[in-house]
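Novice: Need a 3D model of the sequence below.
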Amino acid sequence: MSASVLDVVVVGAGQAGLAISQCLKHDGLRHIVLERGKIGESWRTQRWDSFALNSPNKFNVLPGDTYRGIDPDGFDSAKGFVSYLENYADRYQLPVEEHSRVISVEPRTSGYQVTTAKNGTTVTYTCRKLVVASGAMNVLKIPSAAQNISPKVRQYHAGEYRAPSQLPDGGVLVVGSAQSGLQVAEELIGAGRRVYLSTSAVGRVPRRYRGKDILEWLLEAGFYDVKTEEVADPKEFEFRQPQVSGVGPRGHTLSLQSLANRGAVVLGKLDSAKGSLIDIQTNAADHVRFSDEVSCRIKALVDQFIARKHLDAPPPESDPADEPDTNATCASPRKSLDLQKEDIRSVIWSTGFASDYSYLKGLAIDSNGRPIHRNGISNAAGLYFLGMPWLRKRKSGIVTGTAEDAVSIAGSVRSN
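Specialist: Model (predicted):
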């Protein structure tokens with residue numbers, strides 16, 4: 001089955017795909033948005049039940065919208081954000097085709113042929129331009145060490161975890177200390193579970209500082225406006241989202257020491273596994289100090305901005321979770337962990353996601369599977385990327401940055 005030629009095909013109906021769809025419709029471009037599942041599929045299927053966004057509601061709006069809710073400084077749930085995406089697509093009457101999985105993209109003389117599978121039927125679209133907005137969270141990333149852990153221990157990725165009741169009784173090893181790892185660990189502790197947390201070097205930010213949410217300060221100070229092409233150290237792109245939580249009326253600060261104070265065992269990075277024995281690096285203290293240092297640098301940046309702009313901001317509020325653990329006393333020096341001896345029956349891998357661009361068949365993709373582009377514009381004529389961290393700026397990794405990127409990419413689509 002085949003359809004007539006379109007101006008643009010968009011792959012993915014998450015916030016990125018819907019954002020650019022609204023822009024394309026505003027420009028009068030005939031297009032379709034192809035979604036493998038339902039609108040906001042990753043938000044539906046890769047978040048736990050109590051998940052809350054980590055950016056305040058007023059920043060989580062797409063092009064053409066302004067926040068009109070009753071809680072601009074609150075934090076929506078994954079279900080709430082999916083409802084917003086559905087409502088957005090409905091209000092702007094965006095041309096979304098759900099349950100249409102893209103299986104191949106092939107270049108043509110003046111555009112692309114996009115083939116999808118829907119309900120057992122193959123549908124082919126021909127378009128002049130293609131926007132890949134399928135995001136960076138398509139494939140669960142699980143270290144190879146997982147294969148060596150005893151089958152008696154249940155293993156989950158954070159994208160599969162839903163609630164403490166899902167896990168067997170006993171202790172839980174959470175591997176990964178970025179946002180998801182700490183948030184899952186905190187929930188498990190709250191449910192009365194004994195939690196062991198394997199960490200890595202991840203920064204922390206206070207949830208609120210000097211009267212505002214930290215994200216609002218960082219947006220105002222231009223921290224998120226750093227352009228990708230201005231970054232001199234490639235390691236900057238490897239830094240994970242900082243430790244913080246949106247759970248609660250105004251969210252809260254979340255740190256390794258705050259979890260340790262509630263009973264978590266803060267361990268170093270997982271090195272290897274064999275049966276029920278886990279080898280651990282002795283770098284937990286380094287990770288505690290690293291997160292403390294990042295928080296101090298971020299607060300200093302805000303302080304400098306306030307002073308430079310002569311702003312009337314209150315002094316720093318008391319925040320026990322953000323107090324530096326100068327001697328890293330919360331860190332365990334343990335070199336190993338016996339899952340059986342400690343009665344640890346579950347492992348949750350909070351180790352991130354990878355992207356799946358296999359349908360592009362190597363088109364504008366490098367040897368490591370990463371898109372080849374500059375500011376979202378690929379090295380293939382008429383092919384664009386959207387919805388990736390650091391696409392154009394540091395801001396690209398959050399909803400408000402994705403919306404800004406969509407406007408920019410739509411402008412390129414329109415003019416080129």
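Novice: Which residue is the nearest non-sequential neighbour of residue 270?
Specialist: Distances taken as Cβ to Cβ, 6 or more residues apart in numbering put residue 198 closest to residue 270, at 4.5 Å, once the chain neighbours are dropped. C-beta coordinates here come from the backbone N, C-alpha and C atoms, glycine included.
Novice: oh sorry, the question was meant for residue 271
Specialist: With Cβ to Cβ, 6+ apart as the criterion, residue 271 has its nearest non-adjacent residue at 4.3 Å, and that residue is residue 279.
Novice: hang on, the earlier thing: for residue 20, see how far away the residue nearest to residue 270 is.
Specialist: The spacing between residue 198 and residue 20, counted by Cβ to Cβ, to the nearest Å, is 38 Å.
Novice: One more: residue 296?
Specialist: For residue 296, the distance to residue 20 under the criterion Cβ to Cβ works out to 38 Å.
Novice: Residue 258 too?
Specialist: Residue 258 is 39 Å from residue 20, where distance means Cβ to Cβ.
Novice: try residue 34
Specialist: Taken as Cβ to Cβ, the span from residue 34 to residue 20 is 13 Å.
Novice: and for those two, which residues touch both?
Specialist: The overlap between the contact sets of residue 34 and residue 20 (Cβ atoms under 8 Å, 6 or more residues apart in numbering) consists of residue 10.
Novice: and these two? which has more neighbours close in?
Specialist: Neighbours were counted for residue 34 and for residue 20 using other Cβ atoms under 10 Å; residue 20 has more, 33 against 25.
Novice: Would you mark the buried spots in the helix or strand harbouring that one?
Specialist: If you go by DSSP states H and E, residue 20 is part of helix 15-26. Of the residues in helix 15-26, those buried by neighbour count under the rule 16 or more other Cβ atoms under 10 Å are 15, 16, 17, 18, 19, 20, 21, 22, 23, 24, 25.
Novice: Help me confirm that the last one comes into contact with residue 19.
Specialist: I take that to be residue 25. No: with contact taken as Cβ atoms under 8 Å, residue 25 and residue 19 are classed as non-touching, separated by 11.2 Å.
Novice: OK, contacts around the residue nearest to residue 271?
Specialist: With contacts defined as Cβ under 8 Å, 6+ apart, the neighbours of residue 279 are 270, 271, 272, 273, 335, 336.
Novice: let's see it at 7 Å
Specialist: With contacts defined as Cβ atoms under 7 Å, 6 or more residues apart in numbering, the neighbours of residue 279 are 271, 272, 335, 336.
Novice: bridging residues for it?
Specialist: According to DSSP bridges, residue 272, residue 336 are recorded as the beta-bridge partners of residue 279.
Novice: measure it to residue 174 for me?
Specialist: Distance of residue 279 to residue 174, computed by Cβ to Cβ: 17 Å.
Novice: now residue 4
Specialist: If you measure residue 4 against residue 174 using Cβ to Cβ, the figure is 51 Å.
Novice: Those two: which has the busier surroundings?
Specialist: For the pair residue 4 and residue 174, the greater number of neighbours falls to residue 174 (29 against 7), based on other Cβ under 10 Å.
Novice: Wait, a strand at that one?
Specialist: Yes: using DSSP: H, G, I helix; E, B strand; the rest coil, the assignment for residue 174 is a strand.
Novice: the strands in the stretch 201-350 of the chain, which residues?
Specialist: Under the criterion DSSP state E, counting those that start in this stretch, the stretch 201-350 of the chain carries strands at the ranges 208-209, 212-213, 265-267, 270-274, 277-280, 336-338, 344-349.
Novice: out of the ones you listed, which comes closest to residue 106?
Specialist: Proximity to residue 106 (Cβ to Cβ) singles out strand 344-349 among the strands of the stretch 201-350 of the chain, at 35.3 Å.
Novice: So which elements touch the closest one?
Specialist: Strand 344-349 is packed against strand 154-157, strand 171-175, with contacts defined by 3 or more Cβ pairs under 7 Å, 6 or more residues apart in numbering; DSSP states H and E.
Novice: For the first one, what is the distance to the chain centroid?
Specialist: The one in question is strand 154-157. 20 Å (Cα atoms, centre = their mean, to the nearest Å).
Novice: returning to that earlier point: return the member of the buried residues of helix 15-26 nearest to residue 409.
Specialist: Of all the buried residues of helix 15-26, residue 20 has the smallest distance to residue 409: 6.0 Å, by Cβ to Cβ.
Novice: Distance of the closest one relative to residue 407?
Specialist: Noted for residue 20: a distance of 8 Å to residue 407, by Cβ to Cβ.
Novice: Can you show me the helices along the stretch 101-250 of the chain?
Specialist: In the stretch 101-250 of the chain, helices defined by DSSP state H, counting those that start in this stretch lie at 179-190, 214-220, listed in chain order.
Novice: Mind putting those into JSON lines with mean neighbour count?
Specialist: Rendered in JSON lines, the data for the helices of the stretch 101-250 of the chain read as follows (neighbours: other Cβ atoms under 10 Å):
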{"stretch": "helix 179-190", "mean neighbour count": "23"}
{"stretch": "helix 214-220", "mean neighbour count": "20"}
